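predicted model, plus sequence, below.
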Amino acid sequence: MFEFNPNRHDFSDQVLLGHTIKGGGFDEVEKAVDLIVSQPACATFVSTGLAKYFVSDDPPPALVAAMAKTFRRTDGDIAQVMKTMLTSKYFSASLGQRYKDPTQFLVSAMRLAYDGKPVENPRPLVNWIQQLGQAPFGRITPDGWPTASSEWTSSGQLAKRFEIARSIGSGANHLFDLNEDGSQHRGGFPQLTTPVYYATIDPFLGQKTRDALSQATSQQEWNTYLLSSPEFNYR
Amino acid sequence: MDRRQFLFTLAATVPALTFGGKVFAAPATSPRFLLVFLRGGYDANNLLVPYASDFYYESRPNIAVARPDPQDEGSARALDANWAMAPAVLKSMGPLWDRKQLAFIPFAGTDDLSRSHFETQDNIESGEAGDARRYASGFMGRLSGVLRGVPPIAFTDALPLSFRGAGDVPNVSLKGNGNATFDDRQSKILAGMYQGTPLQAQAADGLQLRQDVANDLKTEMTAASRGAVNARGFAQQGERMATLMRDRFRLGFVDVGGWDTHVNQGGAQGQLANNLDNLSQGLAAFADGLGEKEWNDTVVVVVSEFGRTFRENGNKGTDHGHGTTYWVLGGKIAGGRIAGQQVAINAGSLLQNRDYPVLNNYRDVLGGLMRRMYGLSDKDLGAVFPGAKPTDLRLV
């Protein structure tokens, strides 16, 4: 989101990347963005960021080069750059190799468990994302959330994720309470074996995860193991 | 079985610790170090009171802590000719001061003048010089990297910046009831799914640490319940940290919040006094929980990102400042004194007519301390605090 506030704007002429931008107001911002996007380094920078997020901590140079080429050819059309990435062989090869960050884990777990069911009390979600260390806009340092898988795979992080998998999978949460103090508790454990599960998760489960699931003594425990499994936590 | 005996029994039964596949050798003689970070910038002027300064009393008509007076329980306790300790911490910290196991370093802090919580906290935790703004690693992480056989742990929900860059440092919050979510059978099944994957060690270690913490705390609490108070808040965390740092871990980090007292911070009593009481109870519980022998090779340093304005504001509180006061505690430290560079306190000695100047840079002070504790070489110290000039305050 971007907001232009004329009261806080310096209307004098500015020099950016060797070009003078005449003072004028909001159109200065547009000129500045045009200038930045036309820098050759910008195409590579943006492409590298996207490839790191979607494909690999250390993206193949050939992929970044192809994306940067599209970026320059289309004058920075991100949809086209994404298309180049998504249709590349590197992207298909990366599937299942990236560890979900806390937001991706939480959103995907909630969708599998409760898709279409309005959450009455979002407080547990807020607590969970905080406990997993990725509260929205909560990055302490100004460098933004890291995209590297290794940033989210510490032992403490994994243990916490298993605990939250249990909170979601067992229904022992207060997501559907009608009030915050929990006196009007509602809900039960979710059914994860949906058509989506059979189409997109079940066929890809490894033997170790199947063994674990077969040892579950209740549906709640089965849900906990599934949401904790490597197959569910890699994307 | 008495408490001491129990502790020795526990020590004997603790298995070798593995973490991230690394086996830490039994940490035989290396000292323990605990960093306590007070987030929010605590008002050091109402902890270590400059009671000889009339200017202090003029500057704080509503919130000053009264000059030492044996007849007045709400007055400060004189530590030397210039400084006194707040009554809120007296019960817990007085005995430590008397045993020379506590020292204060006033005029301590960073050279960051932003007076912004986040910038200055980041600055301290990264431990880099000036405004390097590199956040890939923290100084505790780098310290852990140059030491051997000093297993690190963060007593926090998420890994703090201080410990970044040191690989898989375990973290576990000691707030709350301390029960493990999973029993042994469930832990085994969960860990089993990750066998043969790159996260095999992390999954097993994370589950194991929580089981161990829960078991330790359960046994400990049963053993200590005879006549022991039911500790709350940071006092409870202090006990639990001692349980974990006695045998398993040697390099610890914990943070305590609630210090940003812009409004109604109180004087001898009130918001700040309650926080200081809670903090000092936790520190005393940590010392107590370790036991005498272990406390003798332990050093605790309490830091905060900055001090606060010397003068009270219009809301009977204080605003963001600069220099603050660090605490150093330990069984064998040369305490019972105010350490580091000092300056007489009057309107003229304030920085920008606002707050304490920093005369003791945290990187130099902590670097000097670590050199004495661990015998670090110049090269290793340079890795922990790049470009710092370690000062030896002869505290350890």
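Received, thanks.

pLDDT score assigned to residue 234?
All of this is about chain A. Predicted confidence (pLDDT) for residue A:234: 94.

I was thinking of chain B, sorry if that wasn't clear
Reading off the confidence values, residue B:234 has pLDDT 88.

same question for the one 3 residues further on.
As summarised for this prediction, residue B:237 has a pLDDT of 90.

neighbours around the spatially closest residue to residue B:59 that is not a sequence neighbour, how many?
Nearest non-adjacent residue to residue B:59, counting by CB to CB, 6 or more residues apart in numbering or on different chains: residue B:311, 4.2 Å away. To be clear about C-beta, it is placed using only N, CA and C from the backbone, and glycine gets the same treatment. Number of residues near residue B:311 (other CB atoms under 10 Å in any protein chain shown) recorded here: 20.

check contacts around residue B:311.
Contact analysis of residue B:311 by CB atoms under 8 Å, 6 or more residues apart in numbering or on different chains lists B:59, B:60, B:318.

residue A:226 is in contact with residue A:169, correct?
Yes: in this structure residue A:169 lies within contact range of residue A:226 using CB atoms under 8 Å: 7.1 Å.

quick one: residue B:135 and residue B:169, what's the gap?
16 Å (CB to CB, to the nearest Å).

who's more crowded, the two?
Legend: neighbour count by other CB under 10 Å for residue B:135 and residue B:169, higher for residue B:169 (27 against 20).

would you say that one is within a helix?
No: the assignment for residue B:169, made by DSSP: H, G, I helix; E, B strand; the rest coil, is coil rather than a helix.

any idea how far residue B:208 is from it?
15 Å.

and chain A, which residues reach chain B?
A:99, A:130-133, A:140-143, A:153-160, A:162-163, A:166, A:208-209, A:211-212, A:215-216, A:221, A:224-225, A:228-230 (CB under 8 Å from any CB of the partner chain).

please repeat the previous calculation with a cut-off of 6 Å.
Residues of chain A lying near chain B by CB under 6 Å from any CB of the partner chain: A:131, A:133, A:141, A:143, A:153-156, A:158-159, A:162-163, A:208-209, A:212, A:215, A:228-230.

quick check: of the contacts of residue B:311, which lies closest to chain A?
Taking CB to the nearest CB as the measure, chain A lies nearest residue B:318 of the contacts of residue B:311, at 23.5 Å.

not counting sequence-adjacent ones, nearest residue to the closest one?
The nearest residue in space to residue B:318 (CB to CB, 6+ apart) is residue B:308, at 3.8 Å.

burial measure for that neighbour, as a count.
The number of residues packed near residue B:308 is 33, by other CB under 10 Å.

from chain A, how far off is it?
21 Å (CB to the nearest CB, to the nearest Å).

what does residue B:61 give?
36 Å.

quick one: pLDDT of that residue?
pLDDT for residue B:61: 97.

what does residue B:324 give?
At residue B:324, pLDDT is 98.

bridged to it, which residues?
Beta-bridge pairing for residue B:324 (DSSP bridges): residue B:108.

residues in contact with it?
Contact analysis of residue B:324 by CB atoms under 6 Å, 6 or more residues apart in numbering or on different chains lists B:44, B:108, B:109, B:304, B:306, B:307.

quick check, nearest of those to residue A:204?
Within the contacts of residue B:324, the smallest distance to residue A:204 is 49.5 Å, found for residue B:304 (CB to CB).

what is the burial count for that closest one?
26.

that one reaches residue B:38, doesn't it?
Yes: using CB atoms under 6 Å, residue B:304 is in contact with residue B:38, at 3.9 Å.

can you list the buried residues in the longest helix seen in chain B?
The single longest helix within chain B, with elements called by DSSP state H, is helix B:200-224. Within helix B:200-224, the residues scored as buried using 16 or more other CB atoms under 10 Å in any protein chain shown are B:200-214, B:216-217, B:220-221, B:223-224.

check stretch B:58-67 too.
In stretch B:58-67, counting by 16+ other CB under 10 Å, buried: B:59, B:60, B:63, B:64, B:65, B:66.

surely the second one meets residue B:313?
Going back to what we said before, that points to residue B:60. No: distance between residue B:60 and residue B:313: 10.3 Å, which falls outside the contact criterion (CB under 6 Å).

where does the residue of the stretch 51-200 of chain B found nearest chain A land in three-state SS?
Relative to chain A, the nearest point of the stretch 51-200 of chain B is residue B:158 (3.4 Å; CB to the nearest CB). Put simply, residue B:158 is coil when judged by three-state DSSP.

mind listing what whatever residue of the stretch 201-350 of chain B ends up closest to chain A touches?
For the stretch 201-350 of chain B and chain A, the shortest gap (CB to the nearest CB) falls at residue B:206, measuring 3.3 Å. Taking CB under 6 Å, 6+ apart, we find residue B:206 in contact with A:155, A:156, A:158, A:159.

what is the nearest of those to residue A:65?
Closest to residue A:65, out of all of these and judged by CB to CB, is residue A:158, at 35.1 Å.

burial measure for the closest one, as a count.
When neighbours are counted by other CB under 10 Å, residue A:158 comes out with 26.

which residues are in contact with it?
Taking CB under 6 Å, 6+ apart, we find residue A:158 in contact with B:202, B:203, B:206.

center of chain A, which residue is that?
residue A:104 (4.4 Å; CA atoms, centre = their mean).

pretty sure that residue sits in a helix.
Yes: with three-state DSSP as the criterion, residue A:104 is part of a helix.

next one, pLDDT for it please.
pLDDT for residue A:104: 96.

apart from its neighbours in sequence, what residue is nearest it?
Nearest one to residue A:104, counting by CB to CB, 6+ apart, is residue A:235 at 6.5 Å.

the one you found contacts residue A:99, correct?
No: using CB under 6 Å, residue A:235 is not in contact with residue A:99; the gap is 7.7 Å.

looking at the two, which one has more neighbours?
residue A:99 (21 against 17).

with adjacent residues omitted, what lies nearest to that one?
Per CB to CB, 6+ apart, closest to residue A:99 is residue A:149, 3.9 Å.

wait, residue B:121 sits on residue B:303?
No: between residue B:121 and residue B:303 there is no contact under CB under 6 Å: 9.9 Å.

so for these two, which residue has more residues nearby?
Legend: neighbour count by other CB under 10 Å for residue B:121 and residue B:303, higher for residue B:121 (26 against 23).

returning to what we had before: now the longest helix of chain B: mean pLDDT?
79.

I figured residue B:207 hits residue B:187, correct?
Yes: counting by CB under 6 Å, residue B:207 touches residue B:187, with 4.4 Å between them.

got the residues of the stretch 51-200 of chain B near chain A?
B:122, B:135, B:157-159, B:168, B:170-171, B:181, B:189-190, B:192-195, B:197, B:199.
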